[in-house]
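K.L.:
turn this into a structure:
(one chain, ligands or ions: 2)
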Amino acid sequence: MGKVIAVSSGKGGTGKTTTVAAVASCLAALGYKTLCVDFDTGLRNLDLSLCMADFAVADFMDVLSGDMALIDACHECPRIKNLFFLAAPTDYGPDDLSVGAVKRMFDETRDEFDYCLVDCPAGIGTGFRLALINADMAIIVTNGELPAMRDAQQAADVCREIGVGEIRLLLNRVKLKNFKHMRATIDDIINSVGAQLLGVVREDEAIFLSLHENTPLILYRKRRAAYDFLDVARRIEGREIPLHLWR
Ligand code: ADP
Ligand code: MG
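P.N.:
Numbering: from 1, shown residues only. Ligands and ions are numbered 1, 2, ... in the order given. Below you'll find the model as predicted:
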């Protein structure tokens, strides 16, 4: 039985899409059949982070409407084995989606895949709630800046209200030179969001390079963020991995 993991933040630009693409790639590389769903109907760009721009002919609306079977609407990543992508529709918004059909689609992902990572839209409105409605776990991505922390707290509150079983925090774009100062801040963030830490991902120009060289991040093997996201994937599969920020 697969696990549905919604990646959210409240605030835009904290690194949700980057996280979905990188963690899903790592889970696939670890041998799990993994799907990532772009649920950001307004500003979809998960295809870019997956280096799969212009691949998608079908999108998840074709599944919700019953026109296509889930597996037929998913696109296999040509460069990472076990990794699949389901695109967001461009011409429909969250208000056009049926709650029952969304729930059924995520139930089906549990039969077909080991993991399904959902790229949530920013904000805590309808699209965000729908993305979480059938999730086993929510990862709240924040960057430690005050507005992002406040929004993360609100996103976590909504996750609790919806009844998501497991809520974890991912701190992204940490700069090593600020780390001494950040240690105190990490505790503050954990306390204010009220969720256990799943990982810390360092600021890394490899993410920019990956996008512009159209090469998946995990293929930049010796880069900081690639290591950090792999640690996150290993914690998701249940291993105890300490924080290795000095590496
Ligand atoms: P969101 O989906 O939350 O809006 P994105 O994943 O699109 O955020 O990331 C926003 C921007 O930050 C992108 O330009 C991305 O390349 C950059 N970014 C994300 N994480 C990191 C990181 N760890 N180091 C450097 N740049 C990053
Ligand atoms: Mg995004």
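
K.L.:
can I get stretch 66-81 in CSV, CA atoms only?
P.N.:
Extracted C-alpha coordinates of stretch 66-81, given in CSV (Å, rounded to 0.1, in the frame of the first residue of the first chain):
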residue,chain,number,x,y,z
GLY,A,66,-12.8,9.4,-16.0
ASP,A,67,-11.5,9.9,-19.5
MET,A,68,-8.2,8.1,-18.8
ALA,A,69,-6.8,5.5,-16.4
LEU,A,70,-4.3,6.9,-13.8
ILE,A,71,-1.4,4.9,-15.2
ASP,A,72,-2.1,6.1,-18.8
ALA,A,73,-2.1,9.7,-17.8
CYS,A,74,1.3,9.4,-16.0
HIS,A,75,4.5,10.1,-17.8
GLU,A,76,7.6,8.0,-17.1
CYS,A,77,10.8,10.0,-16.6
PRO,A,78,13.3,8.9,-19.2
ARG,A,79,16.4,9.7,-17.1
ILE,A,80,15.4,8.3,-13.6
LYS,A,81,14.0,4.8,-13.4
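
K.L.:
could you pull out the buried residues of it?
P.N.:
By 16 or more other Cβ atoms under 10 Å, the buried positions in stretch 66-81 come out as 68, 70-71, 73-75, 77, 80. The way it works is simple: take the backbone N, C-alpha and C, and place the C-beta from them, glycine included.

K.L.:
tell me the mean pLDDT over stretch 106-117?
P.N.:
The average pLDDT for stretch 106-117 rounds to 98.

K.L.:
neighbours around residue 53, how many?
P.N.:
11 (other Cβ atoms under 10 Å).

K.L.:
my read is that it contacts residue 47, right?
P.N.:
Yes: between residue 53 and residue 47 there is a contact under Cβ atoms under 8 Å: 5.0 Å.

K.L.:
tell me the helix or strand right after the helix or strand of the chain with the lowest mean pLDDT.
P.N.:
Using mean pLDDT, DSSP states H and E, the weakest-scoring helix or strand in the chain turns out to be helix 179-193, at a mean of 75. Sequence order places strand 196-202 as the next helix or strand after helix 179-193, per DSSP states H and E.

K.L.:
what's in contact with that following strand?
P.N.:
15, 19, 139, 167-176, 186, 190, 224-225, 228-229, 231-232, 235-236, 243, 245 (Cβ atoms under 8 Å, 6 or more residues apart in numbering).
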